[in-house]
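*Asks:* Predicted structure and sequence below. I'll ask about it afterward.
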Amino acid sequence: QLQLVESGGGLVQPGGSLRLSCAVSGFTLPYNAIGWFRQAPGKEREGVSCVSSRGSSSYYADSVKGRFTISRDNAKNTVHLQMNSLKPEDTAVYYCAAMFRCSGAIIPSSRHYWGQGTQVTVSS
């Protein structure tokens, strides 16, 4: 059975960095990509970034371009989200999800297979 477990969240000051990890285990087909999403209190879940199964393509939301970097280590079945220059508005629960495909439209969907999430708080 597919399982995704996020880790690496925490409290960080504005301008700081965090590295989130998504450990993937189990049978991954038919999913071909991994995405990161986030949901702030009182707001809808939004797409942050995604990467294809071989890591050959990746996409980012405009709000995180130039600050966040997604990568995957297929040997370790792990996808990372390096977050730099964090802002208070990045505060949210971050979720990783298995997706059918990674494209420029990183849209949350009930068709994704979701992890449980990890809290990221950016505050002084």
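*Replies:* Great, that's in hand.

*Asks:* Which parts of stretch 3-19 count as buried, going by neighbours?
*Replies:* Residues of stretch 3-19 classed as buried: 4, 6, 8-9, 12, 18 (neighbour count, 16 or more other C-beta atoms under 10 Å). The C-beta positions use only the backbone N, C-alpha and C, and glycine is treated the same way.

*Asks:* To clarify, my last question referred to stretch 40-59.
*Replies:* Neighbour count says stretch 40-59 has 45, 47-53, 55, 58-59 buried, by 16+ other C-beta under 10 Å.

*Asks:* Of these, which pair is most distant in space?
*Replies:* 45 and 55 (23.9 Å; C-beta to C-beta).

*Asks:* Check which helix or strand the residue most central in space within the chain maps to.
*Replies:* Of all residues in the chain, the one closest to the mean position by C-alpha atoms, centre = their mean is residue 36, 2.1 Å from it. Assigned by DSSP states H and E, residue 36 belongs to strand 33-39.
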